[in-house]
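Enquirer: sequence and predicted structure are below.
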Amino acid sequence: MARVFITGSSDGLGRMAAQLLIEQRHRVVLHARSQQRGEEALDAAPGAEGVVIGDLASIAQTRQVADQVNALGSFDAVIHNAGVGYREPRRIATQDGLPHVFAVNTLAPYILTALIQKPQRLVYLSSGLHQRGDASLTDLVWERRPWQGQQAYSDTKLHDVLLAFAVARRWPAVLSNALEPGWVPTKMGGPGAPDNLDAAHRTQVWLAVSHDPAAMVTGQYFFHKRLRPPNPATRDTERQDALLDACRRLSGVDLPAS
């Protein structure tokens, strides 16, 4: 039996992962951005240990989420599932002045990784669109570039893989991997998404709790429990470190060295 924390688990793939883990008799703590959504999450995943509340678009609230998680004790795995999609038609600024999609998809998992007591395993949800991400890491917060919602999303999904691989390199005692769930008909993916919804949540669960030797790896990228080549730029350690440095500057949070 493992103890797992899942961000963004009030609906979509996060909820599905939580339900599957509970079916498998693991202990699960949920996350939602508001009290109402937290109550909905608990209703949808009976058997969950509890829920932590905080809007990951806010640096302060993300730090509070980490505090809440640490107050609950140690976890075997953290699944960084929370994310927003590619349909934002303009640069929506958070209270910290950052693009909403960057704050939730890139900066929040960095902050939570840095501040939550180290689990044995970390799982980061990316996307096939990370292959189109801007590996130059130029203008991360879209202050000079004309806004393009799909490009901004693709960039953040590239960042998630860079983060997973950077953590795998820096923290050898932690299994840190990334995956793409496919383009599936969730609220984010839309009703016309063609991939298999039933398979979309299973790889993150497998990476979080399985003792299958294929899951007991680190610094890898998966699709449906199989290794898939990531964007080659994600293997560049200088790019990994550049992203970590940018996230540190923007958040004021240091990622422990080891």
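Expert: Yep, that arrived. Residues are numbered from 1 along each chain as shown.
Enquirer: neighbours of P232, how many?
Expert: Close neighbours of P232, defined as other CB atoms under 10 Å, add up to 9. To be clear about C-beta, it is placed using only N, CA and C from the backbone, and glycine gets the same treatment.
Enquirer: er, S74 I mean
Expert: Close neighbours of S74, defined as other CB under 10 Å, add up to 12.
Enquirer: double-check that it belongs to a helix.
Expert: No. Under DSSP: H, G, I helix; E, B strand; the rest coil, S74 sits outside any helix and is assigned coil.
Enquirer: how about it, nearest residue that isn't a chain neighbour?
Expert: Nearest residue to S74, sequence neighbours excluded (CB to CB, 6 or more residues apart in numbering): Q117, at 5.7 Å.
Enquirer: pLDDT value on the one you found, please?
Expert: pLDDT recorded at Q117 is 98.
Enquirer: got it, and L98?
Expert: 98.
Enquirer: so who does it touch?
Expert: L98 is in contact with L107, V141, L250, counting by CB atoms under 8 Å, 6 or more residues apart in numbering.
Enquirer: for the longest helix seen in the chain, name the packing helices and strands.
Expert: Scanning the chain for the longest helix, with DSSP state H as the assignment, gives helix 149-170. Here helix 149-170 touches helix 100-102, helix 108-115, strand 121-125, strand 175-180, helix 237-251, going by 3 or more CB pairs under 8 Å, 6 or more residues apart in numbering; DSSP states H and E.
Enquirer: what mean pLDDT would you report for that helix?
Expert: On average, helix 149-170 scores 98.
Enquirer: distance check, M1 against S34.
Expert: Applying CB to CB, to the nearest Å, the value for M1 to S34 is 30 Å.
Enquirer: could I get the helices and strands packed on helix 149-170 as CSV with distance to G8?
Expert: Below are the helices and strands packed on helix 149-170 laid out as CSV (distance: least, CB to CB, whole Å):
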stretch, distance to G8
helix 100-102, 13
helix 108-115, 9
strand 121-125, 9
strand 175-180, 15
helix 237-251, 18
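Enquirer: circling back to that earlier point, most neighbours, which of the contacts of L98?
Expert: Greatest neighbour count in the contacts of L98, by other CB under 10 Å, goes to L107: 27 neighbours.
Enquirer: contacts only, for that one.
Expert: Applying CB under 8 Å, 6+ apart to L107 gives the contacts I59, T62, L98, C247, L250, S251.
Enquirer: any regions of the protein where pLDDT drops low?
Expert: Regions of the chain meeting the criterion pLDDT under 70 cover residues 183-197.
Enquirer: could you rerun that using 50?
Expert: Counting by pLDDT under 50, the chain contains low-confidence ranges at 184-185, 189, 193-194.
Enquirer: what pairs with the residue nearest the centre of the chain across the strands?
Expert: With the centre of the chain defined as its mean C-alpha position, the nearest residue by CA atoms, centre = their mean is H80, 2.8 Å away. Bridge pairing for H80 (DSSP bridges) gives the partners Y124.
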